[in-house]
Each structure stands twice: as C-alpha cells, then as structure tokens.
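# Give me the fold of what follows.
(one chain, ligands or ions: 4)
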Amino acid sequence: MATINFGGVNETVITRDEFPLEKAQETLQHEVIAVIGYGVQGPGQSLNLRDNGFKVIVGQRKGGKSWEKAIADGWIEGETLFDIEEACDNATIIQYLLSDAGQIEAWNTVKKHLTAGKTLYFSHGFGITFNEKTGIVPPADVDVILVAPKGSGTSLRRLFLKGEGINSSIAVYQDATGRAKEKAIALGIGVGSGYLFETDFQKEVYSDLTGERGILMGALAGLFEAQYNVLRKNGHSPSEAFNETVEELTQSLMPLVAENGMDWMFANTSVTAQRGALDWKGKFRDATTPVFENLYAEVASGREANRVISEGSKTDYRQKLDVELKEIRESELWQAGAAVRKLRPKLN
Ligand SMILES: NC(=O)C1=CN([C@@H]2O[C@H](COP(=O)(O)OP(=O)(O)OC[C@H]3O[C@@H](n4cnc5c(N)ncnc54)[C@H](O)[C@@H]3O)[C@@H](O)[C@H]2O)C=CC1
Ligand SMILES: CC(=O)[C@](C)(O)C(=O)O
Ligand SMILES: [Mg+2]
Ligand SMILES: [Mg+2]
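Ligands and ions are numbered 1, 2, ... in the order given. As a prediction, the model looks like this:
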C-alpha cells in the first residue's frame, strides 16, 4: 500500500506496483469467479478477468440481449456460460452484477449458493447499505466485499484494451475467512483497475448516487439544456449554441482539465475568458450548492434508493427508458450535436 498525499490529506491506495497481476493471480488461484449479469459492468469485468488469466464463468438469464452478447463475446454455454443458478453453484466467488433492482429479485437464488467460505462481491454499496429495503442480508460465514470501478463498464474494457485502467474503490463489509481484503484487492487488480482506494459500502453508495445525479450526469445534462436554451432564445443558431455549450467542452477544454487540472485549462484560454469565468464561478457554485445539499440529503435519507427500487423493478422500465432517451436524442440540442459530430474531421 502506498500513502499518497491528496491535497494535504494522506490516504492509502493500492497500485499495480505494490500488488502486481501475478500476486492477484496467486491470491485467487483456487477460486472460480462467477460474474452474474452481463449488462454493462458484467462484460467489462468478466472479459478483463478472463484476459488477465483468472478462472471466470458468466451467469446470466437465458435468452434476451445480454445472453446473446455473452455468446458473441466468446462465452460458451455449458462451459463458461450458465444460467444464474448454475453459475452460482459452480463458483467460489460470486460477482453480483445484476442491476441493483434485479439483485433484489434474484437474491433468494443467489443466497442458496452462498455456502461457508464463499465470497460475495458487489460493484456498488446499494444492496447492502439499503438492506432494509433490498432484503440482501448475506449469511455470516461468507466474505462480503466491494470493488466499484469509477466509470462505465464500457470504459473499464476500453481502457484495459489500451493498457490503461480506471480507478476503483474497494471495501470489506464482512470478513469471514480473514482473507476478505486481499481478495478484494486481487479482484480489483484482476478486473483491470488502475489503482484502488479504500471506502466502506455506505460511503461508496452515498458518493456514487450523488455524483451520477450531480456533476457527472444529471447536473451536467441540466446545465447543458439551460445554457443552450438561453442562447437559442436570444437568436443564436443551433450550431453556435451547441458548439459553445457541449462540443468545445468535450473536445477542447475537458481534455485540458483531465491532463493537467483546472488552472491549466484557465491558463490556456484568453484573458477575456479567464476573467469572466473566474468571476462567474462563484455565482454558479453558490446558486447550485443548495441543490447539491438537497441531493445529498435525498440520497442519505434513502428516498433516492426507494425510487431506484420501485422504478427499476417495473417490467416496462426499459421501454419507458427508451422513450425518454429517444426524446433527448431527438431534441434540437442533441440533433444539432449529431450534425456537429459528423463534421469532426477525424471521423470523415
Ligand atoms: N453500469 C456501470 O457501468 C456501473 C454499474 N455499477 C454497478 O454494477 C452493478 C451492475 O450494473 P449494470 O452493469 O449497470 O447492470 P445492468 O442494468 O446492465 O443489468 C445487468 C444484467 O442484469 C440482468 N437482470 C436485470 N434484472 C434481472 C432480474 N430480475 N433477474 C435476472 N437478471 C436480471 C439483465 O439481464 C442485465 O444483463 C450495479 O450494482 C451497478 O450499480 C457500478 C459502476 C458502474
Ligand atoms: C458509471 C458509474 O460509475 C455510474 C455512473 O455510477 C453508474 O453507472 O452507476
Ligand atoms: Mg459510479
Ligand atoms: Mg452508480
């Protein structure tokens, strides 16, 4: 473990230098890992584990898109691809990667196969933290751990194939064997994480729900719409409004932030931009702080979890989602975006 100074606060992280892949392979040499669920995280984690040389099988509901995708990715029915029940039976480590609502429904099936000494693995603190709502209460004689990649399963796989890696948080909820933490680290390295930082199940779920509803997805999408609409109302063309709202952010400015921080981005823009942006930063911070406070309170109260569970368990959830996503896709803002993307030189 390395102690790293994060802006004045020391934290321990685990990198591939201290815990190389060979050590992870050795730690898990007697384990059979079943990745349950082949949605977004399932493919990323299982394919990375397979390519990293672990014994891994996939458990997924038969029929349907995810099952077909697993076959297309080279998992073989009866050898490395099973229904959920059989995969759990064959496994010593169960990576529970169904949707958070799906985990509630399949829990009784999975629980039956959690015999003494097995490991139950999550990529989100949801099921355990909100167990009064989810009913997910593992037996006392199994290890319960978490490895939560801080990004989409799609990025987890893409970065792995490029030889890079996303960072993940890890946590131990229950240590029945005395080896829970080393298993969590080994799996974190095995699924292709760049480095691992420690948390607990509750902190993971509170921060994750806040982040995705906030800046990472919800707030960002809302701010895009607000600025785009104001520009359009004031007579700007769709291409101008889109370029000044989204395209320049993703193509020019955020890569600079990613590379070298916010001040570096500011340093590489005009005095005109810097002065104005630095003056307006505080206004946006102050205007949105109450919304973020409200968001965190809704998460911590469990009300966001209630909503995820009730909406996510509806049988027509996917159909309704498709309608909502189609509405976004077909809006003027994102149609303008489609046109702009086609005009990017490298895509031609
Ligand atoms: N999507 C992502 O990139 C990330 C997801 N996570 C966490 O990883 C876990 C898995 O998430 P996703 O990959 O997004 O899941 P997902 O929504 O893609 O669903 C995974 C699979 O669950 C199956 N499923 C759903 N309901 C079911 C049911 N009732 N019975 C049997 N199978 C069912 C579906 O067939 C699907 O293939 C969750 O805990 C999530 O919060 C964590 C980080 C990022
Ligand atoms: C990709 C990720 O980490 C999210 C946004 O938290 C999620 O998909 O739940
Ligand atoms: Mg997340
Ligand atoms: Mg999340």
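# Can you give me the distance of the residue of the chain positioned farthest from its centre to ligand 1?
Centroid-distance maximum for the chain: residue 235 at 38.5 Å, with C-alpha atoms, centre = their mean. Between residue 235 and ligand 1 the distance is 40 Å, computed by C-beta to the nearest ligand atom, to the nearest Å. All C-beta spots, glycine's among them, are computed from the backbone N, C-alpha and C.
# Paired strands for the host helix or strand of residue 13, with orientation please.
For residue 13, the element it lies in under DSSP states H and E is strand 9-15. The pairing partners recorded for strand 9-15 under DSSP bridges are strand 2-6 (antiparallel), strand 193-198 (antiparallel).
# Mean neighbour count, those: which tops it?
Greatest average neighbour count among the strands paired with strand 9-15 goes to strand 193-198 (a mean of 21), per mean count of other C-beta atoms under 10 Å.
# Extract the CA atoms of that one and return them as CSV.
Taking Å, rounded to 0.1, in the frame of the first residue of the first chain, the C-alpha atoms of strand 193-198 are listed here in CSV:
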residue,chain,number,x,y,z
SER,A,193,-8.4,-1.2,-12.2
GLY,A,194,-5.6,1.4,-12.5
TYR,A,195,-5.4,1.8,-8.7
LEU,A,196,-7.6,1.1,-5.7
PHE,A,197,-8.7,3.4,-2.9
GLU,A,198,-10.5,2.4,0.3
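# Which parts of the protein belong to which domain?
2-199, 214-343 (automatic domain parsing).
# Centre of the chain to the first one, how far?
Its chain's C-alpha centre and that of domain 2-199 lie 12 Å apart, by C-alpha atoms, centre = their mean, to the nearest Å.
# which residue packs closest to residue 191, ignoring adjacent ones?
Distances taken as C-beta to C-beta, 6 or more residues apart in numbering put residue 45 closest to residue 191, at 4.4 Å, once the chain neighbours are dropped.
# Is that neighbour in contact with residue 152, as I believe?
No: counting by C-beta atoms under 8 Å, residue 45 does not reach residue 152; the two are 11.7 Å apart.
# In terms of neighbours, single out the busier of these two.
The neighbour comparison of residue 45 against residue 152 (other C-beta atoms under 10 Å) goes to residue 45, with 30 against 13.
# if we can go back for a sec, and the residue farthest from the centre of the chain, that's in a helix?
No: counting by DSSP: H, G, I helix; E, B strand; the rest coil, residue 235 is not part of a helix but coil.
# Keeping just the C-alphas, turn stretch 285-299 into CSV.
This file holds the C-alpha atoms of stretch 285-299, laid out as CSV (Å, rounded to 0.1, in the frame of the first residue of the first chain):
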residue,chain,number,x,y,z
ARG,A,285,-21.2,27.5,-7.0
ASP,A,286,-23.5,29.5,-4.7
ALA,A,287,-26.6,29.0,-6.9
THR,A,288,-26.2,25.2,-7.1
THR,A,289,-24.9,24.5,-3.6
PRO,A,290,-28.5,24.3,-2.2
VAL,A,291,-29.4,21.8,-5.0
PHE,A,292,-26.4,19.6,-4.1
GLU,A,293,-27.2,19.8,-0.4
ASN,A,294,-30.8,18.7,-1.2
LEU,A,295,-29.5,15.9,-3.4
TYR,A,296,-27.2,14.6,-0.7
ALA,A,297,-30.0,14.7,1.9
GLU,A,298,-32.3,12.8,-0.5
VAL,A,299,-29.6,10.1,-1.0
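# List the residues that contact whatever residue of the stretch 151-300 of the chain ends up closest to ligand 2.
In the stretch 151-300 of the chain, the residue found nearest to ligand 2 is residue 212; the distance is 3.9 Å by C-beta to the nearest ligand atom. Contacts for residue 212 were tallied using C-beta atoms under 8 Å, 6 or more residues apart in numbering; they are residue 218.
# Give the rounded mean pLDDT of the host helix or strand of it.
Assigned by DSSP H and E, residue 212 belongs to helix 201-213. Model confidence over helix 201-213, given as mean pLDDT, is 98.
# Equivalent analysis for stretch 53-69, please.
In the prediction, stretch 53-69 has an average pLDDT of 96.
# re the thing from before, how about the helix or strand hosting the residue nearest to residue 191, does it reach ligand 1?
In the assignment (DSSP H and E), residue 45 maps to helix 41-51. Yes: using C-beta under 6 Å from any ligand atom, helix 41-51 reaches ligand 1 at 41-42.
# Buried ones in that helix, by neighbour count?
41-50 (16 or more other C-beta atoms under 10 Å).
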